[in-house]
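[1] Got a sequence here, can you build the structure:
(chains A and B)
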Amino acid sequence: DTGVSQDPRHKITKRGQNVTFRCDPISEHNRLYWYRQTLGQGPEFLTYFQNEAQLEKSRLLSDRFSAERPKGSFSTLEIQRTEQGDSAMYLCASSLAPTVAFATNEKLFFGSGTQLSVL
Amino acid sequence: TQLLEQSPQFLSIQEGENLTVYCNSSSVFSSLQWYRQEPGEGPVLLVTVVTGGEVKKLKRLTFQFGDARKDSSLHITAAQTGDTGLYLCAGLSGYALNFGKGTSLLVTP
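    I've put the predicted structure just below:
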């Protein structure tokens, strides 16, 4: 399977614990996005990378959240001191983008997500 | 952030019926995308509309972009149970796609 892969698929944690999610994009894709989705809502943008550079962060991304893409390939999203409000599906998407700006024909390929439950 | 309003929020129909769902905004978009999402999975891109007034067809699905590029519609002809899912529209806001809340469609036999 050469699609976007996310690990783990499900994570249950206790409030206050740290969690880390991994995303492996489609191999030739240079852009990688993180989104969060709660029940009854569409995906909400968190952050994105162009190769290894993190170019944009949403104000939804509090200082407890950190994302990295050290070699421009896989990415990790860490949440420190989790809160119950962090419970959501965390989605990763990748695309092939020729420039920094979003292209009108840019196609995002999403992974199956990591479902986080904070107890 | 440019808001995308989708309606209806929920829709339950029987197999064979036709339906239309809407995506509206007060802002102009350079393009809009439609995605379908099944439970427990990520969204899958269906189509991108770019030109005002554009109509694109994907088998039984017809997508239209408003002349003013502020709204879009998705029409499904003769719905099938396999069409069940969450239909999301998305438009560029800043550096990334901004999604609407979606229309949850249930097609029953």
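[2] When you work out contacts or count neighbours from here on, use the C-alpha atoms and nothing else.
    Noted.
[3] neighbours around B:T103, how many?
    Other residues lying near B:T103 total 25 when counted by other CA atoms under 10 Å in any protein chain shown.
[4] who touches the residue lying closest to it once chain neighbours are set aside in this structure?
    When the adjacent residues along the chain are set aside, B:T103 lies closest to B:Q9, with 4.6 Å between them (CA to CA, 6 or more residues apart in numbering or on different chains). By CA atoms under 8 Å, 6 or more residues apart in numbering or on different chains, the contact set of B:Q9 is B:K101, B:G102, B:T103, B:S104.
[5] from what I can see the third one touches B:S12, true?
    Translated: B:T103. No - using CA atoms under 8 Å, B:T103 is not in contact with B:S12, being 10.4 Å away.
[6] From what I see, A:K14 and A:L116 are in contact.
    No - with contact defined as CA under 8 Å, A:K14 does not reach A:L116; the gap is 10.6 Å.
[7] Please identify which of those two sits among more neighbours.
    Neighbour count, other CA under 10 Å: between A:K14 and A:L116, A:L116 has more, with 20 against 14.
[8] tell me which residues form a beta bridge with that one?
    A:K11, A:A88 (DSSP bridges).
[9] now do B:N98
    Here B:N98, judged by DSSP bridges, has bridge partners B:G91.
[10] Ok, A:C92 next?
    Here A:C92, judged by DSSP bridges, has bridge partners A:W34.
[11] ok, it - contacts?
    Residues counted as contacts of A:C92 (CA under 8 Å, 6+ apart) are A:V4, A:Q6, A:C23, A:P25, A:L32, A:Y33, A:W34, A:Y35, A:F110, A:G111, A:G113.
[12] ok, 10 Å please
    By CA atoms under 10 Å, 6 or more residues apart in numbering or on different chains, the contact list for A:C92 reads A:4-6, A:21-25, A:32-36, A:46-48, A:75-77, A:108-114, B:42.
[13] Any quick PyMOL command for the buried ones out of those residues?
    Buried residues within the contacts of A:C92, by 16 or more other CA atoms under 10 Å in any protein chain shown, are selected in PyMOL with:
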select buried, (chain A and resi 4+5+6+21+22+23+24+25+32+33+34+35+36+46+47+48+75+76+77+108+109+110+111+112+113+114) or (chain B and resi 42)
